[in-house]
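**Q** Provided below for reference: sequence and predicted model.
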Amino acid sequence: MIQDKKRFSFDNVLIESGLINDRRKFIKLEEEGKMKVADKVTAKLLNGIYKKFNNSYFSYIEASRGDITKLKDYKDINDCINFLYKLINGNKNIRPYIKNCIAIIKESVTILKLNKNNFVNSFNNKNSTVTRYLYDGVVAAIIEGLTGIISNYIAFQSINFSKFQVVVKDSNKDISGNNFFSSMKKFIDLHTNNKLIELFNFENKRLNEDIFTGLTVLGIGIAVIITALLLARTIVYAVYFIRIKIAEKLDEVRNLLILNSTTLSQDSNNKEIIEKQKQWIEKLEKKIDKFDVDHAVAQSKANNEINNENKEISSQDTNYDSDVIM
């Protein structure tokens, strides 16, 4: 975890993330030496993400070209977020971490929309890989987080044996610390601390002036770039190991909305509608265990690979040359 005091400082981002294995030796480096290390680390992080990135999950997100409102199923996703937000926040007895989960998702969507023009520009400029990976990663985290809430916190309660009502179930399982929610928190943190706009500005300046290596003045910019890459990598690697297709996730979202819609319908006493409700409920409930198992396995594999990659980067790229040590 990056230290709060100098959380986005150039040294801290590299050291606290585990990408540097010798703190004292690295700190002694001149700025030029640090930049050389940063360049190598950035290249390796980009390469690692790229290898995991080419799959149908991200092609679905890429099609929106930086504008989440252009996502094919944005309306269903947004309607589901708003429905769950009202449902969860409308109950005073709901555990705080459940409320926290839906709040994190809602705020992440808001930030993506606020920065829509910058993200769209990233897609229009083929060299803006960092912000592009960041966008794709956060959208993936939103979809995964949303279906996580449905699977873990949503239940269906029978009313007078004639229809079902969507309710929030009491749960002692806090999923707000998994890879997707923790990454969204870091994304929100970037925005709150004005580092997201720094990232856009730095990438644009770097591309326009063709400068990246040996920058001393813009060290903080590189620090934020690496922070964004670490954030995107966590999500991309986790998604890579998840075997559930995105279509299944969106089906879960749609089923919940349909179930709620028929529950509110005046014709909900109709036997045919009730039978369909039961089918949807069974379908959703069958996914709960599978969802949790798949996510646990994917998160474990992703974390192990990230740790191994960090060790490899640290051992290969921190063999500092004596001529750049003060």
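**A** Yes, it's here. The model shown is predicted, which means the values in this text are computed figures rather than measured ones.

**Q** contact partners for residue 153?
**A** 88, 98, 101, 168-169, 171 (C-beta atoms under 8 Å, 6 or more residues apart in numbering). All C-beta spots, glycine's among them, are computed from the backbone N, C-alpha and C.

**Q** can you check residue 151 too?
**A** 252, 284, 287-288, 291-292.

**Q** that older thread, which of the contacts of residue 153 fall in helices?
**A** 88, 98, 101 (DSSP state H).

**Q** tabulate those residues (a markdown table), appending neighbour count.
**A** Formatted as a markdown table, these follow (neighbours: other C-beta atoms under 10 Å):
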| residue | neighbour count |
| --- | --- |
| 88 | 20 |
| 98 | 25 |
| 101 | 26 |
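
**Q** and stretch 158-177, what's its mean pLDDT?
**A** Here stretch 158-177 scores 79 as its mean pLDDT.

**Q** centre of the chain to it, how far?
**A** Mean C-alpha position of stretch 158-177 versus that of the full chain (C-alpha atoms, centre = their mean, to the nearest Å) differs by 25 Å.

**Q** could you do stretch 85-105 as well?
**A** That offset, for stretch 85-105, works out to 19 Å (C-alpha atoms, centre = their mean).

**Q** gap between the two ends of that stretch?
**A** Stretch 85-105 has an end-to-end distance of 10 Å (C-alpha to C-alpha, to the nearest Å).

**Q** can you pull the buried residues of it?
**A** Residues of stretch 85-105 classed as buried: 87-88, 94-95, 97-99, 101-105 (neighbour count, 16 or more other C-beta atoms under 10 Å).

**Q** stretch 63-72 too?
**A** 64, 66-68, 71.

**Q** next one: stretch 192-202
**A** 195-196, 198-200, 202.

**Q** possible to save those residues as JSON lines with secondary structure, distance to residue 175 and pLDDT?
**A** Formatted as JSON lines, the buried residues of stretch 192-202 follow (DSSP: H, G, I helix; E, B strand; the rest coil; distance: C-beta to C-beta, whole Å; pLDDT from 0 to 100):
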{"residue": "195", "secondary structure": "helix", "distance to residue 175": "26", "pLDDT": "90"}
{"residue": "196", "secondary structure": "helix", "distance to residue 175": "25", "pLDDT": "93"}
{"residue": "198", "secondary structure": "helix", "distance to residue 175": "30", "pLDDT": "87"}
{"residue": "199", "secondary structure": "helix", "distance to residue 175": "28", "pLDDT": "89"}
{"residue": "200", "secondary structure": "helix", "distance to residue 175": "30", "pLDDT": "90"}
{"residue": "202", "secondary structure": "helix", "distance to residue 175": "33", "pLDDT": "81"}
